[in-house]
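Undergrad: need a 3D model of the sequence below.
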Amino acid sequence: LLGTKYFPRIKGGVLFLEDVNEHPYRIERNLLQLHQAGVLDAQKAVVLGAFSAWRKAPHDRGFSMKSVVAHLRSLTKAPILTGLPFGHVPTKVTMPVGARVTLLVDGRDALIGWEHTHPH
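TA: Numbers count the residues shown, from 1 in each chain. Sure, this is the predicted structure:
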């Protein structure tokens with residue numbers, strides 16, 4: 001959808017991303033596309049969850065998600081946060097899609113909070 005009229009206007013949000021069975025070089029390619037389109041810089045933060053179940057290939061030469069995150073942090077002004085357990089993993093946090101989020105960032109530390117609203 002990126003580059004089409006169907007891509008949502010994402011600005012000032014907290015973008016949560018995770019994936020399963022995708023090698024880090026593919027994740028990097030997708031994140032770089034979002035960066036080059038200006039999507040990542042338009043966010044308050046980007047939160048990367050679990051990128052699980054991928055297999056190291058013989059020619060990887062140490063390429064990992066740590067490499068992807070380090071490269072992405074060097075390119076974008078939005079904070080790139082890692083370590084929150086969500087995605088295709090046994091123990092996970094459920095992320096509220098579309099909720100208003102409070103984000104406090106202090107150096108390498110971050111606190112994310114959201115309101116729980118009940119219709120009754």
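
Undergrad: biggest helix in this structure, by residue count?
TA: Longest helix in the chain, counting residues (DSSP state H): helix 24-36.

Undergrad: what are the buried residues along that helix?
TA: Neighbour counts over helix 24-36 (16 or more other C-beta atoms under 10 Å) mark 24, 27-28, 31, 34-35 as buried. (C-beta placed from N, C-alpha, C; glycine too.)

Undergrad: partner strands of the helix or strand immediately after that helix in the chain and their direction?
TA: Later in the chain than helix 24-36, the nearest helix or strand by DSSP states H and E is strand 45-52. Using DSSP bridges, the strands paired with strand 45-52 are strand 14-20 (parallel), strand 80-82 (parallel).

Undergrad: averaged pLDDT, the helix or strand hosting S74. What do you get?
TA: Using DSSP H and E, S74 falls within helix 65-75. Averaged across helix 65-75, pLDDT comes to 95.

Undergrad: name the helices or strands packed onto it?
TA: Contact analysis of helix 65-75 by 3 or more C-beta pairs under 8 Å, 6 or more residues apart in numbering; DSSP states H and E lists helix 24-36, strand 45-52, strand 80-82 as its packing neighbours.

Undergrad: can those go into TSV with extra columns for distance to A110 and mean pLDDT?
TA: Output for these, formatted as TSV (distance: least, C-beta to C-beta, whole Å; pLDDT from 0 to 100):
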stretch	distance to A110	mean pLDDT
helix 24-36	18	95
strand 45-52	7	93
strand 80-82	5	93
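
Undergrad: looking at the ones you listed, which is nearest to T94?
TA: When these are compared by C-beta to C-beta, strand 45-52 sits nearest T94, at 11.2 Å.
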